[in-house]
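> I'll drop the sequence and a predicted model, then ask my questions.
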2 protein chains.
Amino acid sequence: MTMIDYTVYLVTDQFNLSEDEFLKVIEEAIKGGCTIVQLREKTSSTRDFYNLAVKVKEITSKYDVPLIINDRLDIAQAVDAEGVHLGQTDMPCDIARSILGDDKIIGITTTTYQEATEAVKQGADYLGVGTLIPTDTKKDAELITKEDLELIRDNIKIPKVGIGGIKEHNTREIIEENKFDGVAVVSAIMLSDNPQQTSQNFYKLVKG
Amino acid sequence: MTMIDYTVYLVTDQFNLSEDEFLKVIEEAIKGGCTIVQLREKTSSTRDFYNLAVKVKEITSKYDVPLIINDRLDIAQAVDAEGVHLGQTDMPCDIARSILGDDKIIGITTTTYQEATEAVKQGADYLGVGTLIPTDTKKDAELITKEDLELIRDNIKIPKVGIGGIKEHNTREIIEENKFDGVAVVSAIMLSDNPQQTSQNFYKLVKG
């Protein structure tokens, strides 16, 4: 597998965007410095998810940025996405690996150090670590403790991205404290008036 | 692929059953004469769906009855189910075929003759034809017209099961009118006081 750049990891959310606006935000974000895109769709039918994923894949392929599909291995396979991102209520990591093989990226959401060590053991390629800060995007998301954050920072060697409540103003501090390889951002980019500029700002902040 | 027996095609619905009750109904139905099982879960998380599918697969494997997973190719792959059943808002049939290969069964719900011919063209192994009769299980389901039923009966050569509102009292008439290979049954078996006896009755009715 080629090296993946996790610096600015855009997690999509349609919010109230039209499909055209949604796709435009993704493209602008990539132009600005977003290095990897996760398509997250929780409500649509498989067909709608598939059709949207085809369109997003066209954009990410054009700019040679990896596309990660949230939860759904079948959608990832259908559009030949570069990988999947799995939460703790999604497909078990080891089963996903056996289906997708070694060439696909598998990321796992981890809210505890134990989940993180388990994910590594099961063959995860990277971790999404959080939720760091309460956020409107995922209201019921479990917050990670300071102690678990430190254990993950000091003991987990695979790439890690922080997620949850990350904005431009706190990015530098979050990166320095946790030694993350990147930041996962939802609303700060999806709802930005200028996703290209915002992504560029995040890129510079993460790179320090 | 081995020949599939579509005579009594149980489509699951949890209704208000506990998991133990649910699994017991499936096993009893198979003992009575149910020849194929489709696991349909519309609301649970991927992990819950996967965990339940593992348990159902243990039962179907024990009795050597094929297990078909509704909608989710990833779940089918994860538990090595014999196939998937896809509605018109699920994964396109041809894409599903390219992911699953030729050894897995793909069934397609068709409500019109046009959908049926398209499904055959895309490599479907069998059709679920309906909705025949309005039903409480799928209240918003589209009814198939008499004209389309006749066109399908006279022109579609792959196996076909009728679905929607099939009870013991109307099974014989439905089979004779439409030349179906079997009947897909949800509530009549899932909510039966004696799923084994009910399945046996359906088997005899279909076989005539």
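Thanks, I have the structure now.
> got the buried residues for the longest helix seen in chain A?
Determined from DSSP state H, the single longest helix within chain A is helix A:46-62. Using 16 or more other CB atoms under 10 Å in any protein chain shown as the test for burial, helix A:46-62 gives A:46-47, A:49-50, A:52-53, A:56-57, A:59-60. All C-beta atoms are positioned from the backbone trio N, CA, C, and that covers glycine.
> what does chain A put close to chain B?
A:45-48, A:50, A:71-74, A:77-78, A:88-92, A:95, A:99 (CB under 8 Å from any CB of the partner chain).
> the closest residue to A:Gly87 other than its chain neighbours: which element?
Closest residue to A:Gly87 apart from its sequence neighbours, by CB to CB, 6 or more residues apart in numbering or on different chains: A:Thr109 at 4.5 Å. Remark: A:Thr109 resides in strand A:105-110, with elements defined by DSSP states H and E.
> which neighbouring elements make contact with that strand?
Packing partners of strand A:105-110 (3 or more CB pairs under 8 Å, 6 or more residues apart in numbering or on different chains; DSSP states H and E): strand A:83-86, helix A:93-100, helix A:113-121, strand A:126-129.
> try 10 Å
If you count contacts as 3 or more CB pairs under 10 Å, 6 or more residues apart in numbering or on different chains; DSSP states H and E, strand A:105-110 packs onto strand A:36-39, strand A:67-70, helix A:73-78, strand A:83-86, helix A:93-100, helix A:113-121, strand A:126-129, strand A:160-163.
> which other residues reach the fifth one?
With CB atoms under 10 Å, 6 or more residues apart in numbering or on different chains as the contact definition, helix A:93-100 has outside contacts at A:73-74, A:76-77, A:81, A:83-84, A:86, A:90-92, A:104, A:106-108, A:118-125, B:46-47, B:50, B:54, B:73-75, B:77-79, B:99.
> in ChimeraX, select just the buried ones from these.
A single ChimeraX command selects the buried members of those (16+ other CB under 10 Å):
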select /A:73,74,76,77,81,83,84,86,90,91,92,104,106,107,108,118,119,120,122,124,125 /B:46,47,50,73,74,75,77,78,79,99
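> returning to that earlier point: show the pLDDT at the residue nearest to A:Gly87.
Note on A:Thr109: pLDDT of 97.
> was I right about it contacting A:Val84?
No: A:Thr109 lies out of contact with A:Val84 (CB atoms under 10 Å); the separation is 11.5 Å.
> quick check: neighbours shared by these two?
A:70, A:90.
> can I get the buried residues of helix A:46-62 in a markdown table including pLDDT and distance to B:Ile166?
Converted to a markdown table, those look like this (pLDDT from 0 to 100; distance: CB to CB, whole Å):
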| residue | pLDDT | distance to B:Ile166 |
| --- | --- | --- |
| A:Thr46 | 96 | 26 |
| A:Arg47 | 97 | 26 |
| A:Phe49 | 97 | 31 |
| A:Tyr50 | 97 | 30 |
| A:Leu52 | 97 | 35 |
| A:Ala53 | 98 | 35 |
| A:Val56 | 98 | 41 |
| A:Lys57 | 98 | 41 |
| A:Ile59 | 98 | 46 |
| A:Thr60 | 98 | 45 |
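> columns distance to B:Arg153 on top of those residues, output as a markdown table?
Converted to a markdown table, the buried residues of helix A:46-62 look like this (distance: CB to CB, whole Å):
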| residue | distance to B:Arg153 |
| --- | --- |
| A:Thr46 | 29 |
| A:Arg47 | 27 |
| A:Phe49 | 34 |
| A:Tyr50 | 31 |
| A:Leu52 | 37 |
| A:Ala53 | 37 |
| A:Val56 | 41 |
| A:Lys57 | 40 |
| A:Ile59 | 45 |
| A:Thr60 | 46 |
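> how much space between A:Val64 and chain B?
I think there's a mix-up here, since residue A:64 is Asp and not Val. 24 Å (CB to the nearest CB, to the nearest Å).
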